[in-house]
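> I'd like to go over a predicted model; first the sequence, then the structure.
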Amino acid sequence: MSESQDLLQRSLHSVWHPCTQMKHHERYPLVPITRGEGAWLFDSEGKGYLDAVSSWWVNLFGHNQPDIKNAIKAQLDQLEHVMLAGFTHEPVVALSEKLSVLTGLGHAFYGSDGASATEIALKMSFHYWRNIGQPQKTRFISLQNSYHGETLGALSVTDVAIFKDMYAPLILQSAQMPSPDSRLAETGESEEAYALRCAAALETYIAQHHAELAAFIIEPLVQGAAGMAMYHPVYLQRAREICSHYQVHLIADEIAVGFGRTGTLFACEQAGGRVSDIADFICLSKGITGGYLPLSVVLTTDEVYQAFYHDQTVKGFLHSHSYTGNPLACSAALATLNLFEASDVLGHNQQIAQQLWSTVQAYDLPLKYLRQRGMITAFEVETVNPQFARDCYAAALKHGLLLRPIANAVYWMPPYCLNEADIAHLTKATYMAVAESM
Ligand SMILES: *Cc1c(COP(=O)(O)O)cnc(C)c1O
């Protein structure tokens, strides 16, 4: 047995892999990765795979990125970790200050993963209403087909049946509002008109239920796990107006869409102004460390923060976890933000996106709903193959490409470091993988 075969066997015996029916690995082998460079991952035989999904949407500037790597190394020589209750350190303060300037929100509260950020935002919103004497505001709403993570609290506002239905008896009741996903518009109805129609439905619901509603949580502009469903920014503007009018918090879950993914640093900015003009809370994770280390954060308003500031301990936000504000992760996040400052990343991404767009438009394949927001490009494949997603994934691997379709939606969410050769490979290998798996 070769060394890599041996590793695969050991992995299947010892590791329970995420989002996976382990039995399927009888037919679909694991891929043993030994190193990464730029947009590429390499297996133990030296075969390369272009990482078109940024390793589950976390990587921004490529693998083995020197600035982020060196920032972590430098921090490692100073301080690897210290508890954040009662103690503080430069990386966590510097990062919190920067995020505050960029979003207009502040009082950064840290977690280690996206689902925890969702939990923190939900708990903070609920607790805020208690602290200000409105304890009846306990419920949450989200969009149909939304994804906010898979811990029990986050799952209660997530609306993806395959992740949620099994655990229904364990989770809180929440209501789902019609999604402004433009694929769902009537024929002839514009994206904007459809978004406004969904906003009207949101208003009807909130007008009736606001007395018991704490918050509306939403993925701004792109519902990732729904298969990169995209919608018009006017929905965010209207949601903000409605939430303000009826005193319901708006939680922007930019875990996937933050840090330039949709063309602006934060997706909320496309509704005009800053994040703080749209959201009472923002949840960030995934790209925050450039894909290097686990970190998440929730930022909120002075008003929310002040409601917890009190002589009584229990009025405080007592949530905690062991690695809160880890210095290594914060140093990776600072290095990532520095890369945005050092060059015109968003402008450069626009050129990449343009190239991807013109190439995919020329595909002679049965595609529907071709769509793009910044560095996310997606389309549906009209196919009768019920195993399309899995077959396409396997075909792409064969062609040296990591692609993970969601049902019939094929999407690109690549690192921002794609060069001309990478773009050529990505578009050609995708074409072949789709054509071979229909
Ligand atoms: C990935 C994701 C989460 C959950 O983040 P994890 O780190 O996987 O827990 C939450 N919300 C959105 C929009 C996401 O894409």
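Cool, the structure landed.

> Endpoints of stretch 299-314, how far apart?
21 Å (Cα to Cα, to the nearest Å).

> Show me the domain layout of the protein.
Per the record, the chain has its domains at 31-64+344-437, 69-342, by automatic domain parsing.

> from the stretch 201-350 of the chain, which residue is nearest to the ligand?
Ala256 (3.3 Å; Cβ to the nearest ligand atom). All C-beta spots, glycine's among them, are computed from the backbone N, C-alpha and C.

> Tell me, please, the helix or strand in this structure that averages the lowest pLDDT.
When each helix and strand of the chain is scored by mean pLDDT, DSSP states H and E, helix 3-14 comes last, with a mean of 90.

> Strands of the stretch 251-400 of the chain, residue ranges please.
281-284, 296-300, 367-373, 376-381 (DSSP state E, counting those that start in this stretch).

> count of neighbours near the residue of the stretch 201-350 of the chain closest to the ligand?
Here the count is done by other Cβ atoms under 10 Å, and Ala256 has 28 residues near it.

> cool, Glu303 as well?
Around Glu303 there are 10 residues (other Cβ under 10 Å).

> Check it and give its pLDDT.
You'll see Glu303 listed with a pLDDT of 98.

> From Phe281, how far off is it?
11 Å (Cβ to Cβ, to the nearest Å).

> for Gly188, same thing?
37 Å.

> Now do the contacts for whichever residue of the chain sits closest to the ligand.
Closest to the ligand within the chain is Gly114: 1.9 Å, counting by Cβ to the nearest ligand atom. Contacts here follow Cβ atoms under 8 Å, 6 or more residues apart in numbering; on that basis Gly114 touches His148, Gly149, Ala154, Asp253, Ile255, Ala256, Cys283, Ser285, Lys286, Ser296.

> Looking at those residues, which one is closest to Val58?
Lys286 (4.7 Å; Cβ to Cβ).

> how many neighbours does the closest one have?
As a burial measure, Lys286 scores 28 neighbours (other Cβ under 10 Å).

> ok, it touching Val58?
Yes - if you go by Cβ atoms under 8 Å, Lys286 and Val58 touch, sitting 4.7 Å apart.

> Near the ligand, which residues of this structure are found?
113-115, 118, 147-149, 219, 224, 253, 255-256, 285-286 (Cβ under 6 Å from any ligand atom).

> follow-up on the earlier one: quick one: which of the contacts of Gly114 sit in helices?
Ala154 (DSSP state H).

> can you list the contacts of Gly114 in JSON lines and add distance to Gln355 and pLDDT?
Listed next are the contacts of Gly114 as JSON lines, based on distance: Cβ to Cβ, whole Å; pLDDT from 0 to 100:
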{"residue": "His148", "distance to Gln355": "32", "pLDDT": "98"}
{"residue": "Gly149", "distance to Gln355": "33", "pLDDT": "98"}
{"residue": "Ala154", "distance to Gln355": "36", "pLDDT": "98"}
{"residue": "Asp253", "distance to Gln355": "29", "pLDDT": "99"}
{"residue": "Ile255", "distance to Gln355": "27", "pLDDT": "98"}
{"residue": "Ala256", "distance to Gln355": "23", "pLDDT": "98"}
{"residue": "Cys283", "distance to Gln355": "31", "pLDDT": "99"}
{"residue": "Ser285", "distance to Gln355": "28", "pLDDT": "98"}
{"residue": "Lys286", "distance to Gln355": "24", "pLDDT": "98"}
{"residue": "Ser296", "distance to Gln355": "32", "pLDDT": "98"}
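
> Which one of the contacts of Gly114 is nearest to Ala199?
Scanning these for proximity to Ala199, where the rule is Cβ to Cβ, the winner is Asp253, at 17.9 Å.

> Bridged to the closest one, which residues?
With DSSP bridges as the criterion, Asp253 is bridged to Cys283.

> quick one, what contacts it?
Contacts of Asp253 (Cβ under 8 Å, 6+ apart): Gly114, Ala117, Thr118, Ala121, His148, Ile217, Ile218, Glu219, Pro220, Cys283.

> cool, Asn338 as well?
Asp67 are the contacts of Asn338 under Cβ under 8 Å, 6+ apart.

> ok, now Tyr49?
Taking Cβ under 8 Å, 6+ apart as the test, what Tyr49 contacts is Val31, Trp40, Leu41, Phe42, Asp43, Leu397, Gly400, Leu401, Leu402.

> Alright, I will stop here.
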